[in-house]
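Student: for reference, the sequence and a predicted model appear below.
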Amino acid sequence: MNIETVIDISKTVGFFGAGLWLGFVLYLKHKWLPYVEELLDGHRAFSFSFHFAGIGTLHYATVFLSRWHARRYGLLEKRELVPKRVQRLFIFNYGLCMASLLLFFDGAKLIYLFA
């Protein structure tokens, strides 16, 4: 297996992972994002459009992942009000986004390193 094949596989998996992430953002936007927004912030800013929903799901995932981020945004105590199952959905969404981006853009880095 040569480097071009590895790069093609990496880009393909990253592309399909990004599509899966977009579908998962759509699910979270309609099912859980308005609930989390009302509970944590008291207003709905991220669930207006699909673009903002992608940003919002990543934002709340960092709040659920890190005590530092939660404290920074003033949501440390409020984040415990969100059920753990919902928190895990947002964290899974974050991991899926980061893994897809890594796989998709690492192909370009491999071309640069081995060319």
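Tutor: Alright, I've got the coordinates. Treat the numbers as computed from the prediction; the structure is a model and nothing was measured. Residues are numbered from 1 along each chain as shown.

Student: center of this protein - which residue?
Tutor: With distances taken as CA atoms, centre = their mean, the residue of the chain nearest its centroid is Tyr94 (2.7 Å).

Student: in which helix or strand would I find Lys11?
Tutor: Element membership for Lys11 (DSSP states H and E) is helix 3-31.

Student: the chain: helices as residue ranges?
Tutor: 3-31, 33-40, 50-65, 67-72, 84-114 (DSSP state H).

Student: straight-line length of stretch 41-49, end to end?
Tutor: 17 Å (CA to CA, to the nearest Å).

Student: quick one: buried residues of that stretch?
Tutor: By 16 or more other CB atoms under 10 Å, the buried positions in stretch 41-49 come out as Asp41, Phe46, Ser47. To be clear about C-beta, it is placed using only N, CA and C from the backbone, and glycine gets the same treatment.

Student: for that stretch, give me every contacting residue.
Tutor: Contacts with stretch 41-49, where a contact means CB atoms under 8 Å, 6 or more residues apart in numbering, come from 29, 33-34, 37-38, 52-53, 55-57, 59-60, 75.

Student: ok, now stretch 93-111?
Tutor: With CB under 8 Å, 6+ apart as the criterion, stretch 93-111 contacts 3, 6-8, 10-11, 13-15, 17-18, 20-21, 24-25, 28, 57-58, 61-62, 65.

Student: ok, now with 7 Å
Tutor: 3, 6-7, 10-11, 13-15, 17-18, 20-21, 24-25, 28, 57-58, 61, 65 (CB atoms under 7 Å, 6 or more residues apart in numbering).

Student: quick check: buried residues in that stretch?
Tutor: Using 16+ other CB under 10 Å as the test for burial, stretch 93-111 gives Asn93, Tyr94, Leu96, Cys97, Ser100, Leu103, Phe104, Gly107, Leu110.

Student: gap between it and the chain center?
Tutor: Chain-centre distance of stretch 93-111: 12 Å, with CA atoms, centre = their mean, to the nearest Å.
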